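**Student:** Fold the following, please.
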Amino acid sequence: MLEQANTIEPNQRQAAEFTRPLALTARQDLRGYLAHRGGRLLLFLLTGVSVLAVLLILFFVLREALPFLRQHSLREFLTQRGWYPEAQPAEFGALALMAGSLYVTAGSLILAVPIGLLAAVYLSDIAPFAVRQICKPVIELLAAIPSVAYGFFAVLVLAPWLHDRLGFDTGANALNASLILAIMALPTIISVAEDSLAAVGRELREASYGLGATRAETLGKVVIPAAHSGIIAGVILGMMRAIGETMVVWMASGNANQIPSPWWDFSQSIRTMTATIAGDMGETAKGSAHYHSLFAVGLLLLVFTLVLNLTSEYFLARAKRLAKGKRK
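**Tutor:** Coordinates of the predicted model:
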């Protein structure tokens, strides 16, 4: 037995030793208990601060919007087109503002979703590893560019080009804002979609190849359908980026309070909810009907983003459940 003990290697002997005693003293036990509870309490407080901040913002917007909602009809607010808060009598119709937000959001998604999905497929299944390591960080850098820089590009470069080359009456229109918002939404769509495609795993791809499918058939009929929940979540997150953008639409959309006629004409100027809040808030007397109406518009925008956020969470949770089921 003594010879066997002497033959134990030094690293094995060191691994068998414990730096912490198995039997703790009362002080050590109390110290560990307090550290455990204190750490959990600290994390809970940090999480609670974020939740409390969101609730306080929601409470503040709702409190400032209630005077307007009490004095004016919600139905007229949502169905009337005219937004002339300084006129006599004043008109507070948010329909044209909602339509403007939906115009630039839909236009940006029409451009960004196909490009983003194709780029995500290329990065996940086609591009060499070295190319992917270079392209993905560069694409994600687009999200770090300030929105005011995009706005200046839209006003100084894109607007004159649309006016001179395409013959539009004005370069500040729905198409201009949609093009810039599409560029701004691309990093979100590409990143989330690429992660979802990569999470599908090699098993489905190899099974498809084993059955004789080509790469195009595997991507179109196996990989993309399997990752559809994550792709939809990425599209919704990109939509949230577009519908909540302020500076770009304020500088590039023309700020005309109208619904384009015909409806498909993106060459006309529009006005969005976010641009209205940013443009009017600084020149509005506090406590006036105009002031409270802007908070009503902000509350409407919060409802829009809340619905989109809940929808994206649903699709992300569904994608995670599918991924777990495939691992089992």
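
**Student:** any idea how far residue 237 is from residue 143?
**Tutor:** 11 Å (CB to CB, to the nearest Å). (C-beta placed from N, C-alpha, C; glycine too.)

**Student:** Actually, residue 33.
**Tutor:** Using CB to CB, residue 33 is found at 43 Å from residue 143.

**Student:** For those two, indicate the residue with more neighbours.
**Tutor:** Using other CB atoms under 10 Å, the more surrounded residue of residue 33 and residue 143 is residue 143, with 13 against 10.

**Student:** Enumerate the positions of the one helix or strand residue 302 maps to that are buried.
**Tutor:** Here residue 302 sits within helix 289-327, counting by DSSP states H and E. Within helix 289-327, the residues scored as buried using 16 or more other CB atoms under 10 Å are 290-302, 304, 308, 311-312, 315-316, 319, 322-323.

**Student:** what's the answer for stretch 193-212, then?
**Tutor:** For stretch 193-212, using 16+ other CB under 10 Å, the buried residues are 193-194, 196-197, 199-200, 204-205, 208.

**Student:** Need the residues touching each of residue 237 and residue 143.
**Tutor:** Any residue near both residue 237 and residue 143 by CB atoms under 8 Å, 6 or more residues apart in numbering counts here, and that gives residue 188.

**Student:** Show me the domain layout of the chain.
**Tutor:** Listed domain ranges for the chain are 24-71, 76-327 (source: automatic domain parsing).

**Student:** Quick check: which of the ones you listed has the most neighbours on average?
**Tutor:** domain 76-327 (a mean of 18; mean count of other CB atoms under 10 Å).

**Student:** could you give the mean pLDDT of that domain?
**Tutor:** Domain 76-327 shows a mean pLDDT of 89 in the predicted model.

**Student:** quick one: the helices in the stretch 51-200 of the chain?
**Tutor:** 74-79, 95-121, 129-141, 147-153, 159-165, 174-199 (DSSP state H, counting those that start in this stretch).

**Student:** Against which helices or strands is the second one packed?
**Tutor:** Which is helix 95-121. Packing contacts for helix 95-121, counted by 3 or more CB pairs under 8 Å, 6 or more residues apart in numbering; DSSP states H and E, involve helix 74-79, helix 174-199, helix 228-243, helix 247-252, helix 273-280, helix 289-327.

**Student:** Kindly state which of those helices is positioned closest to residue 161.
**Tutor:** In terms of CB to CB, the element of the helices and strands packed on helix 95-121 nearest to residue 161 is helix 174-199, at 9.3 Å.

**Student:** Chain neighbours aside, what residue packs nearest to residue 132?
**Tutor:** residue 123 (5.1 Å; CB to CB, 6 or more residues apart in numbering).

**Student:** who's in contact with the one you found?
**Tutor:** Contact partners of residue 123, counting by CB under 8 Å, 6+ apart, are 132, 135-136, 190, 194.

**Student:** Format those residues as TSV; extra columns: distance to residue 221.
**Tutor:** Output for the contacts of residue 123, formatted as TSV (distance: CB to CB, whole Å):
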residue	distance to residue 221
132	23
135	25
136	25
190	22
194	19
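
**Student:** wait, which of the residues you listed is closest to residue 267?
**Tutor:** residue 190 (28.2 Å).

**Student:** ok, back up a step: out of the helices of the stretch 51-200 of the chain, nearest to residue 43?
**Tutor:** helix 174-199 (25.6 Å).

**Student:** who does the following helix or strand past that closest one touch, helix- and strand-wise?
**Tutor:** Moving toward the C-terminus from helix 174-199, the next helix or strand (DSSP H and E) is helix 202-210. Contacts defined by 3+ CB pairs under 8 Å, 6+ apart place helix 202-210 against helix 215-218.

**Student:** Residues touching the helix it packs on, excluding its own?
**Tutor:** Identification of contacts with helix 215-218 by CB under 8 Å, 6+ apart yields 125-126, 205, 208-209.

**Student:** again with stretch 195-209
**Tutor:** Contacts for stretch 195-209 (CB under 8 Å, 6+ apart): 120-121, 124-125, 217-218, 221-224, 226-227, 229-231, 233-234, 319, 323, 326.

**Student:** swap the cut-off to 10 Å and go again
**Tutor:** 117, 120-121, 123-125, 213-215, 217-219, 221-234, 315-316, 319-320, 322-323, 326-327 (CB atoms under 10 Å, 6 or more residues apart in numbering).
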